[in-house]
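Visitor: Curious how this folds, go ahead:
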Amino acid sequence: MTQHIIDNPEFQYMLRMVMEEKIPFCQLLGIKLGECDPENPMIHFDMREELLGNFAQGMLHGGVIASVLDSVAGFAILLKMAKQSPKDDPLSQLKEFGNMSTIDLRIDYLQPGKGKRFTATAEVTRLGKRVANVLMDLRNEQGERIATGAAAFMLHGRA
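Guide: Residues are numbered from 1 along each chain as shown. Model (predicted):
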């Protein structure tokens with residue numbers, strides 16, 4: 001294979017379609033892919049009225065924050081698996097999404113979720129045979145850290 005699966009335009013297109021259009025909840029949140037770099041995965045979303053938890057002060061709902069951090073963690077794990085154990089074709093690589101599930105999620109809400117555009121990043125700290133661990137970060141367009149998170153995902157059927 002001359003081209004790594006992560007750099008394959010078809011894989012990137014399919015990944016974008018899955019994250020932005022095929023996962024209904026990600027679509028509801030308005031998640032858009034940023035970087036498809038396994039060392040610096042990034043997703044974005046814009047503030048919308050439907051995402052407010054405190055409408056009087058214009059703050060994100062805590063559940064939105066947790067959901068976005070959970071989503072970026074899964075995205076990061078998929079990219080890390082594609083880097084370490086690439087499949088022969090994009091569809092096989094994307095099917096790895098169906099083989100993972102969140103088993104632990106911790107969110108630290110550091111300040112009110114105020115802003116117009118938010119960016120979530122993640123770092124896979126351990127990718128084992130059965131469990132992956134991830135650290136996540138959410139910031140607004142001014143670079144203010146809104147929340148951090150830590151997650152563990154079960155990797156089903158991984159050898």
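
Visitor: For the protein, which segments count as strands?
Guide: Assigned by DSSP state E, the chain shows strands spanning 32-33, 42-46, 52-54, 59-60, 100-109, 117-127, 131-140, 145-155.

Visitor: By mean pLDDT, show me the worst of these.
Guide: For the strands of the chain, mean pLDDT drops lowest on strand 52-54, to a mean of 90.

Visitor: which parts of it are buried?
Guide: Neighbour counts over strand 52-54 (16 or more other C-beta atoms under 10 Å) mark Leu52 as buried. Just so you know, the C-beta spots here come from the backbone N, C-alpha and C atoms, and that holds for glycine as well.

Visitor: Also stretch 98-117?
Guide: For stretch 98-117, by 16+ other C-beta under 10 Å, it's Met100, Leu105, Ile107, Gly113, Lys114, Gly115.

Visitor: Then stretch 25-32?
Guide: Cys26, Leu29, Gly30, Ile31.

Visitor: ok, now stretch 6-22?
Guide: Going by neighbour count (16+ other C-beta under 10 Å), the buried part of stretch 6-22 is Ile6, Asn8, Phe11, Met14, Leu15, Val18, Met19.
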